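Enquirer: coords please:
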Amino acid sequence: STLTVRGLNVLHRLRTKQRTYAWPGKTESQIAESFESRLPDPDNNGKKLKILTAPLPTEVPLDYIAQNNQYDIDFLFELARRAGYVLFIQEKEEKGGKVIKERGLYFGPSTGSHPALRTDVLELKWGTSLIDFKPTLTTANQIKSVTVNGWNVATKKKFVGRASIEDEKVNKDLHLLLEKCDAREEQVVDLAVCNQKDADKRARAILQGRAKDLVKANGTCVGLPELRAGQRVVISNLGARFNGEYFVTDTTHTLDDKGYFTKFNARREEKKAGDKK
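Expert: Below is the predicted model:
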């Protein structure tokens, strides 16, 4: 006999009603924090689920942004993509009986230098803990620069935000591939941007998001309950091109007559200066 159990986390409560609302003069993180009142957490005696934000210094107040007849969860994911952030449920972490991480909804960068991210970095080595690993290296549709064009209605002036792979290096050991492949220059004209800083930030977010898709992978390892979305793992013993740090986007835990295994999908992310080990 086979029993399959599926469940939803607390985020399903953000897809029950379409809303229309506007936030003038707020940053993306401030807007995300305003959703805390809409998230009762059944796993914490019905208390509100805390929104864990980790804003970058490049965040600036936006003149105006609106949720236009959207489910809350769709708007939050759109807001995270706008800033180049990730969104996932952070489980409570304890060490020696002391809470070192609160349970909440993480809204922020996926790099390890931000305190709200999960602290443990797991190492999966080919031939020992890593059972199978299928990396995908995609050079098609890569871009070497992004230009975001905006218009200030009040002053009747144009502003242009730019980002290039020379400024925003991701995966340094693969950087030469981006230089040699037919990387494109992308012009963006249909995004609502408020000012010069916002245009620069949107250009960086688009470029970094595309670069993070350069190397993706799916794999299977021995069962690890702590391996969940938002976790960082170090893949080793596969050669310089695919060794490195990956950000886990989703996991499936399977317990059957063959044992306990964890399947995961991840994307390659280079550690930035100041990232935690």
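
Enquirer: make it CA atoms for all contacts and neighbour counts henceforth
Expert: Noted.

Enquirer: could you point out which element follows the helix or strand of the chain with the lowest mean pLDDT?
Expert: Least confident helix or strand, the chain: helix 175-180 with a mean of 65, by mean pLDDT, DSSP states H and E. Next along the chain after helix 175-180, taking DSSP states H and E as the criterion, comes strand 184-188.

Enquirer: point out the other helices and strands that that next one packs with.
Expert: strand 143-152 (3 or more CA pairs under 8 Å, 6 or more residues apart in numbering; DSSP states H and E).

Enquirer: let me know the angle separating the strand it packs on from strand 184-188.
Expert: Angle, strand 143-152 to strand 184-188, by axes from the mean of the first three to the mean of the last three CA atoms, to 10 degrees: 20 degrees.

Enquirer: nearest spatial neighbour of K263, chain-adjacent residues omitted?
Expert: T220 (4.3 Å; CA to CA, 6 or more residues apart in numbering).

Enquirer: contacting residues around the one you found?
Expert: Neighbouring residues of T220 by CA atoms under 8 Å, 6 or more residues apart in numbering: L130, I131, D132, F133, F261, T262, K263, F264.

Enquirer: farthest-separated two in those?
Expert: Pairwise distances across these peak at 13.3 Å for F133 and F261 (criterion: CA to CA).

Enquirer: quick revisit: what helix or strand is the residue nearest to K263 located in?
Expert: strand 215-222.

Enquirer: in that strand, what counts as buried?
Expert: Neighbour counts over strand 215-222 (16 or more other CA atoms under 10 Å) mark V215, K216, A217, N218, G219, T220, C221, V222 as buried.

Enquirer: what's the lowest-pLDDT member of those residues?
Expert: Lowest in pLDDT among the buried residues of strand 215-222 is V215, which has 84.

Enquirer: surely it touches L137?
Expert: Yes. Between V215 and L137 there is a contact under CA atoms under 8 Å: 4.7 Å.

Enquirer: below-threshold pLDDT in the stretch 1-150 of the chain: ranges please.
Expert: 112-120 (pLDDT under 70).

Enquirer: how about the strands in it?
Expert: Counting by DSSP state E, counting those that start in this stretch, the stretch 1-150 of the chain has strands at residues 18-23, 50-53, 65-71, 86-90, 93-95, 98-101, 104-108, 121-125, 130-137, 143-152.

Enquirer: show me what the longest one is in contact with.
Expert: For strand 143-152, the external contacting residues (CA under 8 Å, 6+ apart) are 157-165, 178-179, 183-189, 191-195, 199-200, 202-204, 206-207, 210-211.

Enquirer: then the fourth one?
Expert: Under the criterion CA under 8 Å, 6+ apart, residues 77, 80, 102-110, 117-118, 229-230 lie in contact with strand 86-90.

Enquirer: at 6 Å what do you get?
Expert: The contact list for strand 86-90, computed with CA atoms under 6 Å, 6 or more residues apart in numbering, reads A80, R103, G104, L105, Y106, F107, G108.

Enquirer: now the third one
Expert: If you take CA under 6 Å, 6+ apart as the criterion, strand 65-71 is touched by R15, K17, Q18, R19, T20, Y21, A22, W23.

Enquirer: next, count neighbours for the first one.
Expert: For R15, the count of nearby residues is 12 (other CA atoms under 10 Å).

Enquirer: what about the closest residue to it other than its chain neighbours, neighbour count?
Expert: Among residues not flanking R15 along the chain, Y71 sits closest, at 5.1 Å (CA to CA, 6+ apart). Neighbourhood size, Y71 [other CA under 10 Å]: 17.

Enquirer: now the strands for the stretch 151-277 of the chain?
Expert: Under DSSP E, counting those that start in this stretch, the stretch 151-277 of the chain gives strands at 157-164, 184-188, 215-222, 232-236, 244-256, 259-268.

Enquirer: worst mean pLDDT among those?
Expert: Looking at the strands of the stretch 151-277 of the chain, the lowest mean pLDDT belongs to strand 184-188 (a mean of 74).
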